[in-house]
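S.K.: Predicted model follows, preceded by the sequence.
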Amino acid sequence: MTTQEIATKLVDLCRNGDFKTVYEELYSPDCVSIEPKGADMEVCEGLEAMAAKGKAWNESMEAFHGSSVGDPIVAGNHICMTMMMDAAFKGRGRQKMDELCVYEVKDGKIVKEQFFYTM
């Protein structure tokens, strides 16, 4: 798949909440995920570590109130898009999170994701 094709599919799947398919079909097994400094898991390497991060994230959530995903911007082998999530978290209450998501594609798979948001 081209970077544009991956971007289109990524956005469609994220908008439908189908993150399982995102990771199964679009990601390299050796991908890297980077969160802002101070996040619980700042860097994860590989799909297994990313799955553990996702599980911990889901378990920290008390209630989900909605989300949105912006249209992708493609530049070479990079994809950028915005995401917003409104959720309540254990011990932190309800929060609205706006983030910028940047992905790097190599050989038709996402090899790196990095998220920018205020902690």
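M.R.: Cool, got the structure.
S.K.: what about residue 23, distance to residue 37?
M.R.: With distances taken as CB to CB, to the nearest Å, residue 23 is found 24 Å from residue 37. In this view, the C-beta of every residue, glycine as well, is placed from N, C-alpha and C.
S.K.: Can you show me the CA trace of the one helix or strand residue 50 maps to as CSV?
M.R.: If you go by DSSP states H and E, residue 50 is part of helix 47-60. The C-alpha trace of helix 47-60 is given here as CSV (Å, rounded to 0.1, in the frame of the first residue of the first chain):
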residue,chain,number,x,y,z
LEU,A,47,3.2,-4.8,18.7
GLU,A,48,3.1,-6.8,21.9
ALA,A,49,4.3,-3.9,24.0
MET,A,50,1.8,-1.6,22.2
ALA,A,51,-1.0,-4.1,22.9
ALA,A,52,-0.1,-4.0,26.6
LYS,A,53,-0.1,-0.2,26.5
GLY,A,54,-3.5,-0.2,24.9
LYS,A,55,-4.9,-2.7,27.4
ALA,A,56,-3.6,-0.5,30.3
TRP,A,57,-5.1,2.6,28.7
ASN,A,58,-8.5,0.9,28.3
GLU,A,59,-8.5,-0.4,31.9
SER,A,60,-7.8,3.2,33.1
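S.K.: Residue 23 and residue 37 - which one has more neighbours?
M.R.: residue 23 (17 against 7; other CB atoms under 10 Å).
S.K.: Run through the residues that contact that one.
M.R.: Contact analysis of residue 23 by CB atoms under 8 Å, 6 or more residues apart in numbering lists 47, 50, 51.
S.K.: Brilliant, that's me finished.
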